[in-house]
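[1] Next come a sequence and a model predicted from it.
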Amino acid sequence: MIQKLICTCLLAFWLPAIAADTYNSETGILTVPLVNVNDTYYANVKLSVGSILSVGTKKSPSLAYDFYDVATNQLYIPIVHVGNLTYYFVTITVGSVLSLDGSFFPSVKSQDPVAYRKTVVPNPVITDPLLTVSLPSQLTPAPTGANLKVWISNPLNPSSGLSKGGLFISSASVSNWKYHGPSTDGSMYLTLADGSYLLDTVEPGIQAGEVSPYSRKRYTINVSGGVVTIPEAKADPTGYFILTITLTNTNQASNDFLKILRQMVSVPVSSYSESSPCHLKDQATPIRALGSLSAGFPKVPVRLSSYGRIKALVVPLDFPDLPGVDNTVSFFSPIVKSVSDFYVAQSFGKVAMDFDIVPNWVRMPFLSDAYKRTWSSAGVTTGDISGYLKAVVDATDGPIDFSQYEVVYFLVSKEMPYTTMSYGPAITTAFQTPSSVLVNAAVGGADMYLNATNGVNGATWKWMAHETGHLFGLFDEDLEHQSQSLGSYSLMANSWSNGSIELVAWDRHIQGWLSNSQVSCITPTSLMANSQSFQLTPIERQTNELKAIMIPLSSSKILVIESRKNEGFDVISSSNEGVLVYTVDMTLGQLKGGYVIQPRVGTKNTSSYLDALLKAGDVISVGNIRIAVHKLSQTVDTVQISFQ
């Protein structure tokens, strides 16, 4: 049936870590290895096909399961085999479900990392086109008093200006970004007071559904005595600075693929159908984009898969002025193995990461400080991160086939000075390469190694696991990196901790790592008649028993109760073990302190809340919900919940 209706001219690509569907054209039966239905997962589903709605033509981002929309009866299939043919991005309506195995996930185990199949030699250096570009003779005149005069070159045609673009400018010490523009001929003029600033060149607007070939490029500005200098650019004799914007890609196949990815994430959160009263909808990012993370349900579909094996690559980078010293495979292997071990444990054996490590330091064709990636004491980042990533990809795409990996890490050596390249964030916005699209990636800076010098055990793998948490779709769970609203009870709240770093139950529930059967979801209304008692097993323990109590306080706030012990990846003194109580606000996103601990009475440590877990006999109230801990033991913690 499908074989007859689908054009046979589609390209076939090998996609790692995907359990592909199979369609038997003789019996008319579609076999689905794994399908997501309202965040409940079913294995080995056999069904009949109603009708075929659409078929894509490009390779997928290695999704490990199908999606079924209950409201529309539509099944989204990343990849399906029909005889000897393979098709991608197929959407059908379901005729009838013939059989299924139910919710079943075989436990996966962490594997040792291996060396990438070859030594990587970077691509030849491409000459900067701005070196030969001259300022056009006819430009919009500069207004009187303007001391910043820039002309933005269009990288698609460097001798012409970037029209309909603009500038974002902020103080370098306080984040106060303001847009200026658009420009008609690439020229922009401003009058700036003395001080230091950050400047982003801004891409022109595009029509809905189109893909911009640009991403923003960052510059730093210094103004002293009214005179402007830009370290990354030189003024011409008339005082103009020639700037540009980052050209990501002009490959049509990559653009088409990016459109499909955007369609995947553009489904509004409001269309999500909850399978539990505790599946509160994400309200921090109700309209999703490719870079979105999530405070609640559902998980953003293009983030790293919660199930199966994730193919990951480490690309070690060094620089002419800072050569790498260590053997790359020996140095990074224990780091990435710890990252995989961590997520095997957090997922209760549902996901593992298989790492390849490039066996040599890949020499970049620029100095280590070329992109000025530093941050201030106020937490304001400087430098051109998109330009840096583009330069790295330009040097390595081709020698490396990025399409074979779900996630790529570009990591520097431990010798990197903090003052040269201080930070290296997760990259959750899709970045186009000539051969593929990097949907999930991370770049490293000196912050990878900084906390090791401050006494943090395993600081480097913890940094990497934290950034990987973003790639799974998790926010930073503190408040602006200034205060620990959740204390040190998650790697996403405090990755520089020697204490309790295992992920909290709410994050695991969103990922599907904690099933509905491991969470007791109770509503305040159900507590009005009678109190309820529960026995919680520690969140760190690799069992299928009850792990958390969740109570929706409103449509935007959840109350979570879980047991924390000195087990697994958590290091907790016996005197501080107990029951963790916290709330999560669905309306608060990245670094907004949406995760808030509810400490025991008498808590003294109000920075990291090491003594905030409830002990036997403790009672606290959160709104009208009374939480009493009756007993702590190494087996279970007994908690009584009532309405007051």
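    Ah, there it is. Numbering: from 1, shown residues only.
[2] Let me see the ranges of the helices in the stretch 151-300 of the chain.
    Residue ranges of the helices in the stretch 151-300 of the chain, as given by DSSP state H, counting those that start in this stretch, are 252-265.
[3] just for it, where's the confidence low?
    206-211, 249-251 (pLDDT under 70).
[4] What does the residue nearest to the spatial centre of the chain show for phi and psi?
    The centroid of the chain falls nearest to residue 471 when counting by C-alpha atoms, centre = their mean (2.6 Å). When quoted as degrees, to the nearest 10, the phi and psi of residue 471 stand at phi -70, psi -20.
[5] Give me the pLDDT for it.
    The confidence metric pLDDT takes the value 96 at residue 471.
[6] Kindly list the longest strand within this protein.
    Counting residues, the longest strand found in the chain (DSSP state E) is strand 40-56.
[7] List the buried residues in it.
    By neighbour count with 16 or more other C-beta atoms under 10 Å, strand 40-56 contains the buried residues 41, 42, 43, 45, 46, 47, 49, 52, 55, 56. Glycine gets a C-beta too; all of them are placed from N, C-alpha and C.
[8] Likewise for stretch 111-120?
    113, 116, 120.
[9] hang on, the last one packs against residue 399?
    Yes. The pair formed by residue 120 and residue 399 meets the contact definition of C-beta atoms under 8 Å, at 4.7 Å.
[10] Could you pull out the strands in the stretch 201-350 of the chain for me?
    Per DSSP state E, counting those that start in this stretch, the stretch 201-350 of the chain carries strands over the ranges 214-215, 217-224, 227-229, 241-244, 246-247, 308-318.
[11] Buried ones in the second one, by neighbour count?
    Neighbour counts over strand 217-224 (16+ other C-beta under 10 Å) mark 217, 218, 219, 220, 221, 223 as buried.
[12] does the second one have beta-bridge partners, and which?
    Spelled out, that is residue 218. residue 200 (DSSP bridges).
[13] cool, the last one as well?
    Counting by DSSP bridges, residue 223 forms beta bridges with residue 195, residue 228.
[14] so how far is residue 192 from it?
    5 Å (C-beta to C-beta, to the nearest Å).
[15] Which neighbours do these two have in common?
    147, 148 (C-beta atoms under 8 Å, 6 or more residues apart in numbering).
[16] any idea which of the buried residues of strand 217-224 is the one closest to residue 486?
    Taking C-beta to C-beta as the measure, residue 486 lies nearest residue 218 of those, at 30.8 Å.
[17] okay but the closest one is in contact with residue 198, surely?
    Yes. Residue 218 lies in contact with residue 198 (C-beta under 8 Å); the separation is 6.3 Å.
[18] what about the longest helix anywhere in the chain, distance to the chain center?
    As assigned by DSSP state H, the longest helix anywhere in the chain is helix 328-346. In this view, helix 328-346 has its centroid 18 Å away from the chain centroid, taken as C-alpha atoms, centre = their mean, to the nearest Å.
[19] List the buried residues for it?
    Neighbour count says helix 328-346 has 328-329, 331-333, 335-346 buried, by 16+ other C-beta under 10 Å.
[20] Output the contacting helices and strands for it.
    Packing partners of helix 328-346 (3 or more C-beta pairs under 8 Å, 6 or more residues apart in numbering; DSSP states H and E): strand 308-318, strand 351-357, helix 459-471.
[21] the inter-axis angle of the last one versus helix 328-346?
    Between helix 459-471 and helix 328-346, the angle formed by their directions is 60 degrees, by axes from the mean of the first three to the mean of the last three C-alpha atoms, to 10 degrees.
[22] so how far is helix 459-471 off the chain centroid?
    11 Å.
[23] Mind listing residues that contact whichever helix or strand comes after that helix?
    Once the chain leaves helix 459-471, the next helix or strand it forms, by DSSP states H and E, is helix 505-511. Among residues not part of helix 505-511, those counted as contacts by C-beta under 8 Å, 6+ apart are 278, 294, 296-297, 299, 306, 346-348, 469, 472-474, 490, 492, 514, 519, 539, 547-548, 550, 558, 560, 562, 584, 595.
[24] Now do the domain split for this protein, please.
    Using automatic domain parsing, the domain ranges for the chain come out as 2-99, 114-120+303-471, 144-247, 505-643.
[25] Among those domains, show me which one is buried the most.
    Stretch with highest mean neighbour count among the domains of the chain: domain 114-120+303-471 (a mean of 20; mean count of other C-beta atoms under 10 Å).
[26] Work out the gap between that one and the centre of the chain.
    For domain 114-120+303-471, the distance to the chain centre is 13 Å (C-alpha atoms, centre = their mean).
[27] cool, and stretch 137-155?
    38 Å.
[28] Which secondary structure element of this structure has the lowest mean pLDDT?
    Here the helix or strand of the chain ranked lowest by mean pLDDT, DSSP states H and E is helix 2-5, holding a mean of 29.
[29] Helix or strand next in line after that helix, which one?
    Immediately after helix 2-5, counting by DSSP H and E, sits strand 21-24.
[30] Quick check: next helix or strand after that following strand?
    strand 29-37.
[31] Give me the contacts around that next one.
    19-24, 41-49, 64-68, 70, 75, 77, 80, 92, 98, 307-308, 512.
[32] Now for residue 246: which residues touch it?
    155, 214, 215, 216, 217, 384, 386, 387, 390 are the contacts of residue 246 under C-beta under 8 Å, 6+ apart.
[33] Roughly how far does residue 82 sit from residue 55?
    Taking C-beta to C-beta, one finds residue 82 at 11 Å from residue 55.
[34] Out of the helices and strands packed on helix 328-346, flag the one nearest residue 143.
    helix 459-471 (42.3 Å).
[35] In contact with residue 220: list those residues for me.
    Residue 220 is in contact with 172, 196, 197, 198, 199, 230, 231, 232, 372, 382, 383, counting by C-beta under 8 Å, 6+ apart.
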